[in-house]
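Visitor: Need coordinates for the below:
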Amino acid sequence: MSDVEGESSERSRPNILVTGTPGVGKTATASLIAERLGMKHVNVGDLIKRHKFHSGKDAQFDSYVLDDDNEDKLLDLMEEMLRSSAAAGEGAVVDYHGCDFFPERWFDLVLVLRARTDVLYDRLTKRGYADEKRRENLECEIMQVVLDEARESYEREIVHEVRSDTIEEMEGNVDRVDQWVKQWRSDNGKEES
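Guide: Numbering: from 1, shown residues only. Model prediction:
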């Protein structure tokens, strides 16, 4: 069977991954993109919680632990969701703080959101993150862990680092993705009639 969810030639709309350190604005950005472009928004963190695809919570970091067995179950569910989205002609916008375990073939664009550490600190504090969890996430952002992970996991030309410090930057990112999707559709002979 052909790779319906991954082969861009068989999809009328692209699949986009929005990733980055917790607190950079992934879910807000992905929601805005999906709403504006009529695409399906897939919040991976919500799927993990809703379907109990975790082996419990890490008490130190107050986060769910995604082990190998549950990762496979999550990927199976997501593959079906992406296939369904492609069949409906929607395309999907996926958001999650990790990106190295998704099949490379799933995505046509990978947006890595970045934020200044002072902005990120304030956002994580407002979320009530404990000092250790906040420190760990700030270190990940400083060391550009998610950006490096994306560059190692996907073709460099589809990975784009974008700022997400302000509402204006977030809106600008959505505008750029809107233009990118139009170009993708044109390049792939999928223009809207």
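Visitor: Only C-alpha atoms from now on, for both contacts and neighbour counts.
Guide: OK.
Visitor: Next, the buried residues of stretch 66-78.
Guide: For stretch 66-78, burial by neighbour count (16 or more other C-alpha atoms under 10 Å) applies to 66, 70-71, 74, 78.
Visitor: Ignore what I typed, I meant stretch 81-93.
Guide: 81-86, 89-93.
Visitor: Could you tell me the end-to-end distance of it?
Guide: End-to-end span of stretch 81-93 (C-alpha to C-alpha, to the nearest Å): 11 Å.
Visitor: what's next to that stretch, contact-wise?
Guide: Under the criterion C-alpha atoms under 8 Å, 6 or more residues apart in numbering, residues 4-5, 11-18, 30-31, 33-34, 38-42 lie in contact with stretch 81-93.
Visitor: again, but for stretch 15-32
Guide: Contacts of stretch 15-32 (C-alpha under 8 Å, 6+ apart): 41, 43, 91-99, 106-115, 120, 123-124, 137, 140-141, 146-147, 164-165, 170-171, 173-174.
Visitor: Name the strands paired with the helix or strand where residue 110 lies and say parallel or antiparallel.
Guide: For residue 110, the host element (DSSP states H and E) is strand 109-114. Next to strand 109-114 in the sheet, as set by DSSP bridges, lie strand 15-19 (parallel), strand 159-163 (parallel).
Visitor: thinking again about what came up before, of the contacts of stretch 81-93, buried ones?
Guide: 4-5, 11-18, 30-31, 33-34, 39-42.
Visitor: Thanks a lot, catch you later.
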